[in-house]
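>>> structural data only, the sequence is not supplied:
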């Protein structure tokens, strides 16, 4: 197996250590531990937004002429403003021929060249369509795929799409002779899965850990899957690739993302991200891509930039792309760059779309480099032809892994940035910045303010929701690390409240925890995680289920049994498992120390089997509680402790 020297220390020798993690994971995953997730009263500093007014540099290390007042957006000619308005009208009416005509005029005005995407000769795609037969296990988790996983990603069909609520999961998987990307889907909220599609490298190429992103696009008749992934070629050079799948025909295309000026011996393109404006448009949807760029592999004077591209005909047989960069400074990028870096400085970038209050189409990007605590933003109101403005979230604490999402939809400016932020010493927290005005303000807060060590955070925005987001993150307890999930309005985080969604020993090197969601209301939580070492991808579903739909196995138990809740002590959620050997009328009730009923979790007839019930005590005070199971002639009581 080859080893990639890479461009950041985190990836060094990750291929070599994987086999040891696989062995260790099998051991770690069998232990049991206690997770105590007490919330502290950590201070949240006031939000401070800065703006760069310099015309000489946009280097994140050499900031000049910063202001607390937002400058006027860069003006656009009256002719171009009219073309943008006409284009929006044509796109909203799904007039694709008129839309293409106006696009061509705008491209001429901007000097942007549309080129045919290069098919990636190293990948081969195929339609599979094979159902899997994995059963629901502990913690409402179900395995989806097995083997050495580098990354995973998920998206869910919106209510306006065919097969509304279908959940898609992709995973990049290690293979000795060339890695594979496998794509599964579920039409019942994650209870069962079908292996739908895959593509693989025909030569020995390795996907990069944590570098996989998906976007679903609906053209009015067909749902298309677009995805981007980072991988290392046979020389260890980082490359970005893009793929698309027509979910109606199974047609597959794999593309190379080669920006002009690509130097095969020095330039690296990694951490690709993808978004679209499909929440507003259908047949005239545009796609937008960003990738992190490293200019000087092998030296101590690296120049990091964020590269950008847009696709204006994502459903055409011949796919084209525009690689023109909004900024021409330092050989081009979206806006921000960082010079003079050592080889171990990873650049986190992300890209999102939203419609402005005036009906404009805005593309916004984030840019952050480890050891520079600020989060740098830039945006474009003409599809990335020029930069319209910039801002800097003045963050004082060291952080990493910034991601950004917006809900999208007509006149919806709700967005979220999340990252792992150091509070002090080994106390790191999943942290957020929330905007409801398209980035004019970014209100800060803790996703989880416990004193534990956060390892990763991921976010997703349900389409057209009003300031609702879902979050997955990994947090260490005093003994092991666990996967967590929460969602809702930032700050409240009550849909659901913070939940532990995994047994112990969650992977943080390769796949990490990925946030998703289920359409259908109520208990719509969904997340992906891998046991330590990344040897499989599990889906965690029905996190808040309080009725007997959480069967944990296919075997009929031989006796009644009520198990100790886990974790215990807990905050704010815990799981209660029980077994019944025959069909029974079942009641599961929680009491306080005075014997008063706190909550009735189950009161119905259940089939013989084993069940897992989640109990959320978000609105209860710290105390000792009791839970009682009554089933047929069987009755049992156990104690649990809530610590906040």
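Sure thing, it's come through. Source: prediction; values computed, not measured.
>>> ok so residue 101 is a helix residue?
Yes: residue state for residue 101 (DSSP: H, G, I helix; E, B strand; the rest coil) corresponds to a helix.
>>> count the residues that sit near it.
13 (other CB atoms under 10 Å). Quick note: C-beta positions are derived from backbone N, CA and C, even for glycine.
>>> what of residue 173?
22.
>>> in the sheet, who's paired with it?
residue 149, residue 180 (DSSP bridges).
>>> my guess is it meets residue 151, correct?
No: between residue 173 and residue 151 there is no contact under CB atoms under 8 Å: 9.3 Å.
>>> quick check: the spatially closest residue to residue 414 that is not a sequence neighbour vs residue 425, distance?
Distance criterion CB to CB, 6 or more residues apart in numbering; nearest residue to residue 414, sequence neighbours excluded, is residue 467 at 4.1 Å. Distance of residue 467 to residue 425, computed by CB to CB, to the nearest Å: 33 Å.
>>> same check on residue 234?
On the measure of CB to CB, residue 234 and residue 425 end up 42 Å apart.
>>> now swap in residue 208 and tell me
30 Å.
>>> with neighbour numbers in mind, choose between these two.
A side-by-side neighbour count of residue 208 and residue 425, using other CB under 10 Å, places residue 208 first with 27 against 8.
>>> quick one, phi psi at the more buried one?
When read as degrees, to the nearest 10, the backbone of residue 208 gives phi -100, psi 140.
>>> quick check: which element contains residue 604?
Assigned by DSSP states H and E, residue 604 falls within strand 597-606.
>>> how distant is that strand from the center of its chain?
Relative to the mean C-alpha coordinate of its chain, strand 597-606 is positioned 35 Å out (CA atoms, centre = their mean, to the nearest Å).
>>> give the pairing partners of that strand; include direction for each.
Strand 597-606 is paired, per DSSP bridges, with strand 584-591 (antiparallel).
>>> what does the partner strand contact?
548, 576, 578, 580, 597-606, 608, 613, 615, 625-632, 634 (CB atoms under 8 Å, 6 or more residues apart in numbering).
>>> try it again with 7 Å
Under the criterion CB atoms under 7 Å, 6 or more residues apart in numbering, residues 548, 576, 580, 597-606, 613, 615, 625-632 lie in contact with strand 584-591.
>>> with stretch 365-381 instead?
60, 290, 304, 306, 326, 334-336, 338, 345-351, 360, 362-364, 386-400, 402, 404, 417, 439.
>>> wait, residue 286 sits on residue 313?
No: at 8.9 Å, residue 286 does not count as touching residue 313 under the criterion of CB atoms under 7 Å.
>>> quick one, what contacts residue 593?
Residue 593 sits in contact with 623, 624, where contact means CB under 7 Å, 6+ apart.
>>> any idea whether it is helix, strand or coil?
coil.
>>> show the pLDDT at it.
Residue 593 carries a pLDDT value of 88.
>>> so what touches stretch 292-309?
7, 259, 266-271, 289-291, 321-323, 325-326, 330, 333-334, 336-343, 345, 347, 349, 365, 367, 369, 384.
>>> now these: which count as buried?
The neighbour count (16 or more other CB atoms under 10 Å) marks 7, 259, 267-271, 289-291, 321-323, 325-326, 333-334, 336-339, 341, 343, 345, 347, 349, 365, 367, 369, 384 as buried among those.
>>> in strands only, show me these.
268-271, 289-291, 321-322, 337-339, 341, 347, 349, 365, 367, 369 (DSSP state E).
>>> strand partners (parallel or antiparallel) of the helix or strand that contains residue 124?
Secondary structure from DSSP H and E places residue 124 in strand 123-131. Strand pairing for strand 123-131, determined by DSSP bridges: strand 194-201 (antiparallel).
>>> what segments of this protein are helices?
14-28, 78-92, 96-110 (DSSP state H).
>>> doesn't residue 153 make contact with residue 214?
Yes: contact criterion CB under 7 Å: residue 214 and residue 153 qualify, at 4.5 Å.
>>> please tell me how far residue 399 sits from residue 365.
Counting by CB to CB - residue 399 and residue 365 are separated by 17 Å.
>>> got it, and residue 250?
For residue 250, the distance to residue 365 equals 33 Å [CB to CB].
>>> same thing with residue 383?
13 Å.
>>> ditto for residue 48
When residue 48 is compared with residue 365 (using CB to CB), they lie 20 Å apart.
>>> quick one: contacts for residue 619?
Applying CB under 7 Å, 6+ apart, no residues contact residue 619.
>>> coming back round to it: so what sits against both of residue 383 and residue 365?
What both residue 383 and residue 365 touch, as defined by CB under 7 Å, 6+ apart, is an empty set.
>>> what is the burial count for the closest residue to residue 333 other than its chain neighbours?
Nearest residue to residue 333, sequence neighbours excluded (CB to CB, 6+ apart): residue 305, at 3.5 Å. Residues within reach of residue 305, counting by other CB under 10 Å, total 28.
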